[in-house]
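> have a look at this fold, sequence not included:
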């Protein structure tokens, strides 16, 4: 029997009438949990943990055991796709991911096409999904995910994260045909990756576009809406009935176009988005996920309770999944998560 989260994504009438709201938190399997830090230290590094299916399944299950969230989000990383497309991937301690070669030059001259594809990197992730789904109760939804093409491309072009995504934005203007070829490659790999996750047991998938907010409206249409629409259409065709959630962080006024044109089944919103505006701009039957400020969960206190109750009230009349506006901060006290859940569960 599907759980409350999956029923909400599928717009079941009983989900809207349920006494409580389904909840999970982005990055819920991660560094704020002592059991995660202990396991990561044992495995020796982040990527080693991701590619160890048994360990990654354990990480995925840790917050479910501790908190009983309604969704278990696969423990992995959006940069598995670039790794599969042939870039080297590693994580520098305290500095984040690195990809080589950076494609800022190779993309223009076509050299990147010669990178050796390594789709075997998807296999341990599929196994993680299988192992996790086998240990979850029916009431808990198994969530897969991938990065959206624009956000993934920003890392591939620069070889690392950046504050303004300048390398990718500049390249997209200078040589849009070359940039489009990269987006197409990411699209195709992403569809393959998500279909594999679904076949392994994922019951819904989320597309993360963490850097969607850095683009102009016209570029947003080309590099965010259009690729995500093609991915959503491919998933709906190849695996009908599996909900696709879209999270274009920072999209702001471009959210209505994203919701209308991508074909995603649910819209994930960040903490800067006002509920009253969403109700005016987004079809009332579309499920919305979000949007507590992660910094408020970090801070705690009476403001947290007020904000949680406000979000519950604001989205009471549409399908809604309670979540953060982005990932949980690694310094968040576990007691604050427990308080959040107590409010949501009426205790």
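Right, received. Where do you want to start? All values reported here derive from a predicted model rather than from experimental measurement.

> point out where the stretch 1-150 of the chain drops to low pLDDT.
Residues of the stretch 1-150 of the chain meeting the criterion pLDDT under 70: 1.

> how about the helices in it?
For the stretch 1-150 of the chain, the helices defined by DSSP state H, counting those that start in this stretch cover 4-9, 13-16, 34-43, 46-50, 53-67, 80-84, 103-109, 122-135, 149-158.

> for these, which one ends up most surrounded?
helix 149-158 (a mean of 27; mean count of other Cβ atoms under 10 Å). Glycine gets a C-beta too; all of them are placed from N, C-alpha and C.

> check which helices and strands that one sits against.
Packing partners of helix 149-158 (3 or more Cβ pairs under 8 Å, 6 or more residues apart in numbering; DSSP states H and E): helix 80-84, strand 96-100, helix 103-109, helix 166-174, helix 176-200, strand 204-209, helix 226-238.

> let's have the ones you listed in TSV, adding distance to residue 294.
TSV is the format used below for the helices and strands packed on helix 149-158 (distance: least, Cβ to Cβ, whole Å):
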stretch	distance to residue 294
helix 80-84	23
strand 96-100	18
helix 103-109	31
helix 166-174	25
helix 176-200	25
strand 204-209	15
helix 226-238	23
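
> for those, which one sits closest to residue 290?
With Cβ to Cβ, the closest approach to residue 290 among these belongs to strand 204-209: 12.0 Å.

> redo the helices of the stretch 1-150 of the chain as JSON lines? Include distance to residue 184.
Formatted as JSON lines, the helices of the stretch 1-150 of the chain follow (distance: least, Cβ to Cβ, whole Å):
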{"stretch": "helix 4-9", "distance to residue 184": "28"}
{"stretch": "helix 13-16", "distance to residue 184": "36"}
{"stretch": "helix 34-43", "distance to residue 184": "35"}
{"stretch": "helix 46-50", "distance to residue 184": "25"}
{"stretch": "helix 53-67", "distance to residue 184": "29"}
{"stretch": "helix 80-84", "distance to residue 184": "13"}
{"stretch": "helix 103-109", "distance to residue 184": "12"}
{"stretch": "helix 122-135", "distance to residue 184": "18"}
{"stretch": "helix 149-158", "distance to residue 184": "8"}
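
> to residue 217, which of these lies closest?
helix 149-158 (13.7 Å).

> between that closest one and helix 226-238, how many degrees?
Between the axis of helix 149-158 and that of helix 226-238 there is an angle of 120 degrees, by axes from the mean of the first three to the mean of the last three Cα atoms, to 10 degrees.

> tell me how far helix 149-158 lies from the chain's centre.
15 Å (Cα atoms, centre = their mean, to the nearest Å).

> same check, this time on stretch 150-160
16 Å.

> hmm, who's touching it?
For stretch 150-160, the external contacting residues (Cβ atoms under 8 Å, 6 or more residues apart in numbering) are 78-79, 81-82, 85, 87, 96-104, 107, 161-162, 165-168, 171, 179, 182-183, 186, 190, 208-212, 215, 223-224, 227.

> ok so, going back, mind checking the helices and strands packed on helix 149-158 for the one nearest to residue 127?
From the helices and strands packed on helix 149-158, taking Cβ to Cβ, the stretch that ends up closest is helix 176-200, at 7.4 Å.

> gap between that closest one and the chain center?
So, by Cα atoms, centre = their mean, the centroid of helix 176-200 is 15 Å from its chain's centroid.

> how far off strand 204-209 does that helix point, in degrees?
The directions of helix 176-200 and strand 204-209 differ by 160 degrees, with the same axes, to 10 degrees as the criterion.

> show me what counts as buried in helix 176-200.
By neighbour count with 16 or more other Cβ atoms under 10 Å, helix 176-200 contains the buried residues 178-179, 182-183, 185-187, 189-198, 200.

> what angle separates that helix from helix 122-135?
Going by the same axes, to 10 degrees, helix 176-200 makes 40 degrees with helix 122-135.

> from residue 216, how far out is the nearest residue to residue 225 once chain neighbours are set aside?
Leaving aside its sequence neighbours, residue 225 sits nearest to residue 261 (Cβ to Cβ, 6 or more residues apart in numbering; 5.1 Å). Applying Cβ to Cβ, to the nearest Å, the value for residue 261 to residue 216 is 16 Å.

> out of those two, which sits in the more crowded spot?
Per other Cβ atoms under 10 Å, whichever of residue 261 and residue 216 has more neighbours is residue 261, with 15 against 11.

> if we ignore the residues flanking it in sequence, what's nearest residue 281?
Closest to residue 281 by Cβ to Cβ, 6+ apart is residue 256, at 4.3 Å.

> quick check: the one you found is in a helix.
Yes: counting by DSSP: H, G, I helix; E, B strand; the rest coil, residue 256 falls inside a helix.

> any idea how many residues pack against it?
16.

> correct me, but it touches residue 282?
Yes: taking Cβ atoms under 8 Å as the definition, residue 256 is a contact partner of residue 282 at 6.4 Å.

> hmm, back to that, least confident of the helices and strands packed on helix 149-158, on average?
Among those, helix 103-109 carries the lowest mean pLDDT, a mean of 86.
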